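1. This is the structure alone, sequence omitted:
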């Protein structure tokens with residue numbers, strides 16, 4: 001490993017693995033780095049080889065997601081969850097603080113992460129964010 005080894009701990013309350021739940025780690029600027037799951041058992045540790053920089057960890061739901069939890073860089077997560085984190089030159093890592101979005105009262109900051117595992121774009125796929133009344137916010 002030419003980067004730093006960062007340990008990710010995967011846990012399952014039923015002790016039967018993650019049941020098709022899995023995680024992926026992407027570079028902040030895009031590009032898949034690593035992904036994984038826990039096939040069987042109550043706990044597993046995955047050693048991730050990561051260069052200094054910032055990353056996004058996403059989790060994808062399978063079955064019995066309420067049983068699956070994980071820990072990375074001092075952050076404990078569950079399914080589904082997203083973690084922005086950075087690895088320093090000395091190999092330490094920590095959750096990346098979210099900037100204050102400066103939202104007005106009654107508004108919320110929303111992060112939408114779109115990934116393409118094939119790295120060939122989304123084709124004609126579109127998305128829309130709507131408010132609770134069905135009004136379009138962003139397309």
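-> Yep, it's here. On a predicted model such as this, the values are computed, not experimentally measured, just so you know. Residues are numbered from 1 along each chain as shown.
2. I'd like to know how far the spatially most central residue of the chain sits from residue 27.
-> Taking Cα atoms, centre = their mean, the centroid of the chain lies closest to residue 58, which sits 1.9 Å from it. According to Cβ to Cβ, to the nearest Å, residue 58 stands 12 Å off from residue 27. Every C-beta, even on glycine, is put in place using the N, C-alpha and C of the backbone.
3. Equivalent analysis for residue 90, please.
-> Relative to residue 27, and taking Cβ to Cβ, residue 90 is found at 19 Å.
4. Compare those two and say which is more crowded by neighbours.
-> residue 27 (14 against 8; other Cβ atoms under 10 Å).
5. Enumerate every residue touching that one.
-> Residues near residue 27 by Cβ atoms under 8 Å, 6 or more residues apart in numbering: 33, 53, 54, 55, 56.
6. how many other residues sit next to the second one?
-> Right, residue 53. A count of neighbours around residue 53, defined by other Cβ under 10 Å, yields 14.
7. still on that earlier bit, need the residues that contact the helix or strand where the residue nearest to the centre of the chain lies.
-> Assigned by DSSP states H and E, residue 58 belongs to strand 53-60. Residues outside strand 53-60 that contact it (Cβ under 8 Å, 6+ apart): 21-28, 33, 68, 70, 72, 77, 79-87, 96, 113, 115.
8. how about that strand: buried residues?
-> 55, 56, 57, 58, 59 (16 or more other Cβ atoms under 10 Å).
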